[in-house]
Every structure is written in structure tokens, then in C-alpha cells.
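**Q** Fold the following.
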Amino acid sequence: MITLVLIITAVLTALIGGLFYAYSCSVVLGLGKLSDIEYLKAMQHINREILNPVFFMSFMGTAALLPVSAFLFRGQQPVFIFLLLAALVYLIGVFGVTVVGNVPMNDALDRFDISGATMEAVKQIRDQFESRWNFLNNIRTSFSVVSIILVVCACVWNKGW
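**A** Residues are numbered from 1 along each chain as shown. Here you go, the predicted model:
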């Protein structure tokens with residue numbers, strides 16, 4: 001049973017890491033080509049639509065299952081260490097950055113009334129939002145990759161397979 005938890009943890013960690021990776025190497029590049037108004041509208045729609053059960057299952061599931069997996073493998077070295085490190089990396093560099101950085105920015109952008117704003121205000125909001133949001137997403141992507149590598153190492157060293 002604990003091996004099944006490890007497999008599910010690995011899949012969820014890879015799925016959420018893949019989401020951030022896809023944003024970093026394709027979505028933000030495409031969005032960057034849009035006009036200021038198109039960009040802000042697109043980001044507002046994306047930020048609203050991502051709040052769905054599938055996203056929450058992988059994002060929150062990873063945050064829950066990494067520590068649970070580490071706990072289940074306590075005493076089994078080096079699997080426990082890999083999972084503990086993966087949990088810390090994910091909780092700080094992915095979950096924490098999202099909650100403290102990206103989510104407040106998304107919420108502020110959602111409150112911005114594009115249709116009632118001047119072109120100057122639209123440009124200012126984009127300038128304040130885009131590069132910082134992309135920077136934070138790149139941090140999440142990097143930490144996700146590290147977390148995935150650590151979970152894969154735990155899978156490889158798991159003697160229960």
C-alpha cells in the first residue's frame with residue numbers, strides 16, 4: 001500500500017511540475033506576444049479557469065502526499081530523506097511561492113477592471129504584473145523539477161517494488 005502512495009505522489013508531483021514547466025516554456029511566451037489588454041484579459045481568464053478540481057487535486061494533493069509519503073517511509077533510508085527533501089522543496093518553493101507570490105498577484109489582477117481603465121493604467125498593470133509573475137513561475141518550475149528528481153530517486157531506491 002505504501003508503494004501505491006509513493007507512485008501516486010510521484011505522478012502528482014510530475015503533473016504539477018509539468019504544468020509550471022508548460023507555462024514557462026510555452027504559455028507565457030505566447031501570452032507575451034499579446035497586446036496589453038489582450039494579455040491582461042487572457043491572464044484573468046487563465047487565473048480563473050485554473051481554479052478547478054483537477055488543478056487542486058494535483059497542487060494540493062502533492063502538498064499533502066509528499067509529507068505523508070515521507071512519514072510512511074520513515075526509517076527506510078535513503079527513501080525517507082529523498083521524500084522529506086522533496087516535501088520541503090515543494091512546500092517552500094512551489095506551494096509557498098504560489099500562495100505568497102502568485103496568488104496575491106492573480107487576485108489583484110482579477111480585481112482590475114480592464115474595460116474601465118485607461119491605456120496607461122492597462123500598460124502599468126501589465127508592467128507590474130508580467131515580469132514578476134513570470135519570475136515567480138520560473139521559481140516554481142525550478143523547485144518542481146528538483147522535487148520531481150527527489151521523488152524519482154525515492155522510487156528508484158524503494159526496495160518495496
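**Q** which outside residues touch the host helix or strand of residue 4?
**A** Assessed by DSSP states H and E, residue 4 sits inside helix 2-22. Residues external to helix 2-22 that are found in contact with it (Cβ atoms under 8 Å, 6 or more residues apart in numbering): 55, 57-59, 61-62, 65-66, 68-69, 72-73, 83, 86, 90, 94, 137, 140-141, 144-145, 147-148, 151-152, 154-155, 158, 160-161. Bear in mind the C-beta positions are built from the backbone N, C-alpha and C, glycine included.
**Q** Could you turn the buried ones of the residues you listed into a ChimeraX selection?
**A** The buried residues among the contacts of helix 2-22 can be selected in ChimeraX (16 or more other Cβ atoms under 10 Å) with this line:
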select :58,59,61,62,65,66,68,69,72,73,83,86,90,94,137,140,141,144,145,147,148,151,154,155,158
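**Q** longest helix of the chain?
**A** What stands out as the longest helix in the chain, according to DSSP state H, is helix 119-157.
**Q** report the angle between the axes of that helix and helix 2-22?
**A** 150 degrees (axes from the mean of the first three to the mean of the last three Cα atoms, to 10 degrees).
**Q** Going by neighbour count, list what's buried in helix 119-157.
**A** 122, 125-126, 129-130, 133-134, 136-151, 153-155, 157.
**Q** OK, contacts around the residue of the chain most remote from its centre?
**A** Distance from the C-alpha centroid of the chain, by Cα atoms, centre = their mean, peaks at residue 118 (32.2 Å). Counting by Cβ under 8 Å, 6+ apart, residue 118 makes contact with nothing.
**Q** What separation do you get for it and residue 124?
**A** 9 Å (Cβ to Cβ, to the nearest Å).
**Q** circling back: does anything pack onto the longest helix of the chain? Which helices or strands?
**A** Judged by 3 or more Cβ pairs under 8 Å, 6 or more residues apart in numbering; DSSP states H and E, helix 119-157 is in contact with helix 2-22, helix 36-49, helix 53-72, helix 79-90, helix 97, helix 103-111.
**Q** Quick one: residues in contact with the fifth one.
**A** Residues lying outside helix 97 but in contact with it, judged by Cβ under 8 Å, 6+ apart, are 136, 139, 140, 143.
**Q** now the second one
**A** Counting contacts by Cβ under 8 Å, 6+ apart, the residues outside helix 36-49 that touch it are 27, 31-32, 34, 106, 109-110, 112, 114, 119, 122-123, 125-126, 129-130, 133.
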